[in-house]
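A.B. asks: Provided below for reference: sequence and predicted model.
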Amino acid sequence: MLTLDINGKKQPINSEPDTPLLWVLRDELALTGTKYGCGIAMCGACTVHMDGEPVRACAIPIEVLGNKKIVTIEHQKKDGLLSLVQEKWLEHDVAQCGYCQSGQIMSATALLNENPNPSDQQIEAAMSGNICRCGTYQRVRNAIRAASDTITENASL
């Protein structure tokens, strides 16, 4: 039996060691915010954070995780409050169908944690692994820019 650090909690896992993290999250832990999109780490729908870095949960077997800290979309909301990125997502009406949004939010959060004031080119590069079939890329960029502006404003207070 493996034990994984998921959203700050040690979770005993009964799945086989070669099981992709995505299926452990969804099927064993009932954390269904992380979505299955393509199964080959190309669409970004299954993006989670591993030690703060965005990774594709569909392509990571749990046996390689060891003591890595995994954070999912469910951990973005704290004490009943949305994260800054989630707030800006709503303000800018980013989601249409919504299927890709948890992965998009996780990638955007990782970007802003690393670089609170990214350029449009840096936003595009960081988000390039997340596909939105509805084409809301301009709204994604606007929401990330708005979150960045809020971070910058609060830092200068």
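C.D. replies: Here it is on my side, so go on. Keep in mind it's a predicted model, so treat the numbers as computed, not measured.

A.B. asks: which residues of the chain score low on pLDDT?
C.D. replies: 156-157 (pLDDT under 70).

A.B. asks: ranges for the helices of it?
C.D. replies: 21-23, 84-91, 101-114, 120-127, 137-155 (DSSP state H).

A.B. asks: gap between the shortest one and the chain center?
C.D. replies: From the chain centre to the centre of helix 21-23 is a distance of 14 Å (C-alpha atoms, centre = their mean, to the nearest Å).

A.B. asks: Touching that helix from outside, list them.
C.D. replies: Applying C-beta atoms under 8 Å, 6 or more residues apart in numbering, the contact partners of helix 21-23 are 15, 34, 36, 46, 48, 57-58, 60-62, 65, 70. All C-beta atoms are positioned from the backbone trio N, CA, C, and that covers glycine.

A.B. asks: right, and the pair among those residues with maximum separation?
C.D. replies: Spanning the widest gap among the contacts of helix 21-23 are Y36 and L65, at 18.5 Å by C-beta to C-beta.

A.B. asks: Those two: who's more crowded?
C.D. replies: Ranked by neighbour count (other C-beta atoms under 10 Å), Y36 and L65 place L65 first, with 21 against 16.

A.B. asks: Contacts only, for the spatially most central residue of the chain.
C.D. replies: Centroid-nearest residue in the chain: M106, 2.0 Å away (criterion: C-alpha atoms, centre = their mean). Contact analysis of M106 by C-beta under 8 Å, 6+ apart lists 47-49, 54, 71-73, 76.

A.B. asks: List the ones among those residues that fall in strands.
C.D. replies: 47-49, 54, 71 (DSSP state E).

A.B. asks: Just give me how far stretch 59-66 sits from the chain centre.
C.D. replies: With C-alpha atoms, centre = their mean, you get 17 Å for stretch 59-66.

A.B. asks: Show me the contact partners of that stretch.
C.D. replies: Contacts for stretch 59-66 (C-beta under 8 Å, 6+ apart): 2, 4, 13, 15, 17-21, 24, 40-41, 50.
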